[in-house]
Structures are given as structure tokens and as C-alpha cells.
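S.K.: Starting from these lines, generate the structure:
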Amino acid sequence: MYKNNIFLYPCPVSGRKNQMMGTNWRSIPCKIAELRLDIVLACGQSFRWKEIKPGLWRSVLAKKVWTLKQNDNELFYQIHCGHELETPTDDKHEVKTFSKPKKAQKQGNSDNHGTRVKKEVLPPGDLYFSNAESTLFDYFQLQTSLGELYKKWSSADANFRQVAADFTGIRMLRQDPTENLFAFICSSNNNISRISGMVERMCEKYGDKLCELDGQTYYTFPDIAKLASENVEQELRSLGFGYRAKYINQTAKYIMQNHNDNWLQSLRSVSYEDAHSELLKLPGVGSKVADCVCLMSLDKHSAIPVDTHVWQIASRDYMPKLTKTKSLTDKVYKEIGDFFRNLYGDYAGWAHSVLFSADLKKFQDLKTKKIRQDTQPIRKKRLNESTAKTKKKRKQEK
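M.R.: Coordinates of the predicted model:
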């Protein structure tokens, strides 16, 4: 059924294990205000999720094939095939289970990204699903309370408050850094549809086959060593990657020659400045791609990827003086990032993603007419304030 333009599945009759579509579904508690699959999985963070039916999303995650859906209060999942999650053979095992989300904390102030955990003893069968649920919590970063962040951002920004009325549940994914990096190397001068096609062709060519499901074959994302092979650039060019083929192959070679397979993952433990600086050394990686990787897979929550789209949002709704700039220079890039970091704080990258998603053409039908009208006075006020400051500055200079 549809509710507020979101396709929701009815609540299960009983229990967390439900017989639907001939396969068992399991669920974890997750209110739709904390996560909206229809936006988060389609807004250009990850490029492998496909909506196979209204409200049903499928992709490869952690080398397994998953199908997801949701209702108002639960996130449902199926695991169809793929590499087995580690399940010990003892009768009982001690595992970590997650509690309810807590308020977002500053970066680096707590272990396990601020997640409160408790230890619980589970038999082997249930342990498999406990590990699966931990994967979902980590991937969607459900330990971070989005409601608390929205309150903070809304109190700091009237424009965000208006946008958020129609765009709740938009959070950042915590992706595998390797997939995240090479997917965004494909993003140069590209759109979401074409990037998705390139990523899938890369997986088909160099990934490991997992299984066939409903007529579709699923593959893992290739490891860096495979992408570093000598013939990769030529093969990717033949698959339609153009100049991006060279950057993919050269970046993989650089990592293998100067680091190792775990190097990207290790950047999670360094500062934003250091991680960003290291990524800029990679062929084909500029500030925007580096910030995408920092934000979407390296736990740098205040990173702000600035492309022409974000530049337009900033100049239209926040920084009217930028309407006179003719190109996105390094100076303008930093100015926009610093503006949003000062406005939104430690999780500025998450807030920026809400504004970015709300401005995408594909999601315009989600906006109410009232929201469109209410944002106009805010933009006009900022323009008037910017004009007044400019006049005052010129007067002082005279």
C-alpha cells in the first residue's frame, strides 16, 4: 500500500519470522522516520540497489544477495545466496546485539560509532541472523538517531526545517570503501543511471558469481588486485567506460604498489584531513570524489561533496553571492563546505545529503505545494541580507 508516496508493506501477523513470497522474512525495529529506503537507496550514494517491485529493493551487500522492504516500524530482510556469514559450530556463543539508537556523538568520541551493545547468548541458528542484523545496523548506521539530528538541523536552519517536512529518513550509508571509491571514479561527468550500469558491468567482468535469482545473476564487487591487472583499462574501455577506465586501473595499481587491500579501510581511523589528502593522491580522484568516499565509507560525517548540483543549492538557498561566480574553483568548493559545516556541525555531510536528495528531479513529486511556497520567503530574505552586506562593504571601502 502507498502512504505519503511511500510504498509500505503491512505489518506481519505475528513474530519476526514471516512466510511471504515463499521465503522467510526477518525484521529489525526501524521506524520509517529513521530510514526511507526509496530515497536512501536511490539518491546516488550506492549504485547497485534495484527496486525489483514497488517497495522491494535488492542488491549485493557483504558478499550476499539481500532483498529489503519496510513498513512504518520495521525493516524486513531476506538473504538469498552468497558467502556464508561466520557461524561457529559450538552449541552456544556470546554475541553483541544492538540497542535502540542514541543521540549522535562527535566523531571519534566513542567506540563502535556510539552504539550501545549488550552481550547475549544465542544458539548457532540464531547467531547467523544476529550477524546479519549487525550487518544492516552497520550499513545503515542505525545506531545514530536521525530524529535527534533533524531537530538540531531544523533549529539551525529554517530552510532545512521546511525541506525536512517531506524528506525524513535520509541517512548516510556506511559502504565498503573499495566499492565506494571505484564507483565514484565512474561518476565523473556522469548520471546515476549510467554509473549504475558501469558498476554492474565491472562486477560482471571481474567479480565472483554469487547466484542467479529471478533471472538475474549477481556478482561480488571485484577486489583491488583484479582491477590492477594489465588488461583492465582496455577491457573497461570496450565496455563503455571511456577515460574512466584508465583512472580505475591506475588507482588500483597505485594502491597495490604503495599499500595493500586493507589500506582504504584503515583510513577510517585517521582524521578527515589526512584521509582526504591520501585519497587525492589517487589517479582520477579530485576533491568531490574524495569527499564522497570520506562521507560514505570512511566515517567522516562532516565531509561535504560539492558538485555543480550542490553549488546550485548553495547559491540559490544559502549563499546568494555565489550566483556571480562562473566556475566551481577550489576556493568556492572550500567556502561552500565550510558554510555547511558551520551551519550543521559534526554531521554536516548527512544534512547536506537531505538537501541534495530533496533537490533531485526524481524526488520532486514527494514535495508538497506548501513546502515549495514556504521556501521562497527564506530565499528572498537571504538574498536581501547578502545584498545589504555587499552594499555596506562597498560603502566602507569608499
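S.K.: Okay, and Leu173 sits in which element?
M.R.: Secondary structure from DSSP states H and E places Leu173 outside every helix and strand.
S.K.: Secondary structure class of the nearest residue to Glu74 once chain neighbours are set aside, three-state.
M.R.: Here the nearest residue to Glu74 in space, its sequence neighbours aside, is Ser27; by CB to CB, 6 or more residues apart in numbering that works out to 4.2 Å. C-beta here means a position set from N, CA and C on the backbone, and glycine is covered the same way. Three-state call for Ser27 (DSSP: H, G, I helix; E, B strand; the rest coil): strand.
S.K.: Tell me what Ser27 is bridged to.
M.R.: Phe76 (DSSP bridges).
S.K.: How many residues are close by it?
M.R.: By the criterion of other CB atoms under 10 Å, Ser27 has 20 neighbours.
S.K.: Roughly how far does it sit from Asp346?
M.R.: According to CB to CB, to the nearest Å, Ser27 stands 31 Å off from Asp346.
S.K.: now do Ile195
M.R.: Distance from Ile195 to Asp346, by CB to CB: 29 Å.
S.K.: quick one on the thing from earlier: verify the stated contact: the residue nearest to Glu74 with Gln78.
M.R.: No - contact criterion CB atoms under 8 Å: Ser27 and Gln78 do not qualify, at 10.5 Å.
S.K.: just the helices in the stretch 201-350 of the chain please.
M.R.: 224-227, 232-238, 244-258, 263-266, 272-279, 287-297, 308-317, 330-344, 348-359 (DSSP state H, counting those that start in this stretch).
S.K.: which residue sits closest to Lys300 in space, ignoring its chain neighbours?
M.R.: Closest residue to Lys300 apart from its sequence neighbours, by CB to CB, 6+ apart: Cys294 at 3.8 Å.
S.K.: correct me, but the one you found touches Tyr272?
M.R.: Yes - because the distance of 6.1 Å satisfies CB under 8 Å, Cys294 is recorded as touching Tyr272.
S.K.: what is in contact with the two at once?
M.R.: Taking CB atoms under 8 Å, 6 or more residues apart in numbering as the contact criterion, the residues that touch both Cys294 and Tyr272 are Lys300, Ala303.
S.K.: out of these two, which sits in the busier spot?
M.R.: More crowded of Cys294 and Tyr272, by other CB under 10 Å: Cys294, with 26 against 19.
S.K.: Next, the contact list for that one, please.
M.R.: Here Cys294 is in contact with Tyr272, Ala275, His276, Leu279, Lys300, Ala303 (criterion: CB under 8 Å, 6+ apart).
S.K.: try it again with 6 Å
M.R.: Ala275, His276, Lys300, Ala303 (CB atoms under 6 Å, 6 or more residues apart in numbering).
S.K.: Distance to Ile185 and mean pLDDT added to the helices of the stretch 201-350 of the chain, as CSV?
M.R.: CSV is the format used below for the helices of the stretch 201-350 of the chain (distance: least, CB to CB, whole Å; pLDDT from 0 to 100):
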stretch, distance to Ile185, mean pLDDT
helix 224-227, 10, 97
helix 232-238, 11, 98
helix 244-258, 5, 97
helix 263-266, 13, 97
helix 272-279, 11, 98
helix 287-297, 6, 98
helix 308-317, 18, 95
helix 330-344, 18, 97
helix 348-359, 19, 97
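S.K.: can you redo those helices as a markdown table with distance to Ala183?
M.R.: Rendered in a markdown table, the data for the helices of the stretch 201-350 of the chain read as follows (distance: least, CB to CB, whole Å):
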| stretch | distance to Ala183 |
| --- | --- |
| helix 224-227 | 12 |
| helix 232-238 | 13 |
| helix 244-258 | 10 |
| helix 263-266 | 13 |
| helix 272-279 | 14 |
| helix 287-297 | 9 |
| helix 308-317 | 17 |
| helix 330-344 | 21 |
| helix 348-359 | 16 |
